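J.: Show me the folded form of this:
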Amino acid sequence: MAINIFWHALTSAEIDRLVAKKPGAYILSRGKDAAGNPVAHYVGRSDDDVNRRLHEWERSGRYQMFAFRNEDTSRRAYEVECIWWHELQPADNQIHPAAPAGTDWPCPVKGCSFYRAA
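T.: Numbers count the residues shown, from 1 in each chain. Down below sits the predicted model:
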C-alpha cells in the first residue's frame, strides 16, 4: 500500500469535519522536520470509532497534526495500522501493533514475525 498522507490540524473542528465514527487508522505528528514536512510520531487505530479516539488525542495536547483512513472493519483498520507502523517507523510507538482482543489476526506485512501466509 502506497502511503499518501494528507495532514490536518488536530482540532476538534477538523476531526468532526473529516472523520467518520467508524473503524480506522491514524497517524499523529508533534511537528515538522527541518524541511517543513510533518513527521509521523505515532500510529494507531480504533476498532469502532476513530473519530472518538482522535478527540481523545486532541484533548491530550501532545500532537498537532493527524492523518487518517476510515475503514469498514476493525480487521482492515488493524491491517492499515500495521502497514503504516512498518513503513513509517514512528518514534512514539516502538512495539508492533497488537491485534484486537479476542482475535489472532496476522500482520499483513511479509517478513514481519506476526505475518502468516494465507
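J.: Could you use CA atoms for every contact and neighbour count after this?
T.: Fine.
J.: what residues does stretch 55-64 touch?
T.: If you take C-alpha atoms under 8 Å, 6 or more residues apart in numbering as the criterion, stretch 55-64 is touched by 9-12, 15, 28-31.
J.: Between the two ends of that stretch, how far is it?
T.: Using C-alpha to C-alpha, to the nearest Å, the end-to-end distance of stretch 55-64 comes to 12 Å.
J.: before we move on, what about stretch 58-71?
T.: Terminal residues of stretch 58-71 lie 21 Å apart, using C-alpha to C-alpha.
J.: Counting neighbours, what do you get for residue 7?
T.: Counted with other C-alpha atoms under 10 Å, the neighbours of residue 7 add up to 16.
J.: brain fart, residue 71
T.: Look at residue 71: counted by other C-alpha under 10 Å, it has 20 neighbours.
J.: Just want the most central residue of the protein.
T.: Nearest to the mean C-alpha position of the chain, counting by C-alpha atoms, centre = their mean, stands residue 26 at 2.6 Å.
J.: what pairs with that one across the strands?
T.: Beta bridges link residue 26 to residue 44, residue 68, judged by DSSP bridges.
J.: correct me, but it touches residue 68?
T.: Yes: using C-alpha atoms under 8 Å, residue 26 is in contact with residue 68, at 4.1 Å.
J.: Let me see the contact set for residue 85.
T.: Listed by C-alpha under 8 Å, 6+ apart, the contact set of residue 85 reads 43, 96-97.
J.: Residue 67 too?
T.: Contact analysis of residue 67 by C-alpha under 8 Å, 6+ apart lists 5-8, 26-28.
J.: make it 6 Å
T.: Residue 67 is in contact with 6-7, 26-27, counting by C-alpha atoms under 6 Å, 6 or more residues apart in numbering.
J.: what does residue 93 give?
T.: Taking C-alpha under 6 Å, 6+ apart, we find residue 93 in contact with residue 42.
J.: so which helix or strand takes in it?
T.: Assigned by DSSP states H and E, residue 93 falls within no helix or strand.
J.: repeat for residue 87
T.: Going by DSSP H and E, residue 87 is part of helix 74-88.
J.: So residue 42 is in contact with residue 28, correct?
T.: Yes: the criterion here is C-alpha atoms under 6 Å, and residue 42 meets it with residue 28 at 5.1 Å.
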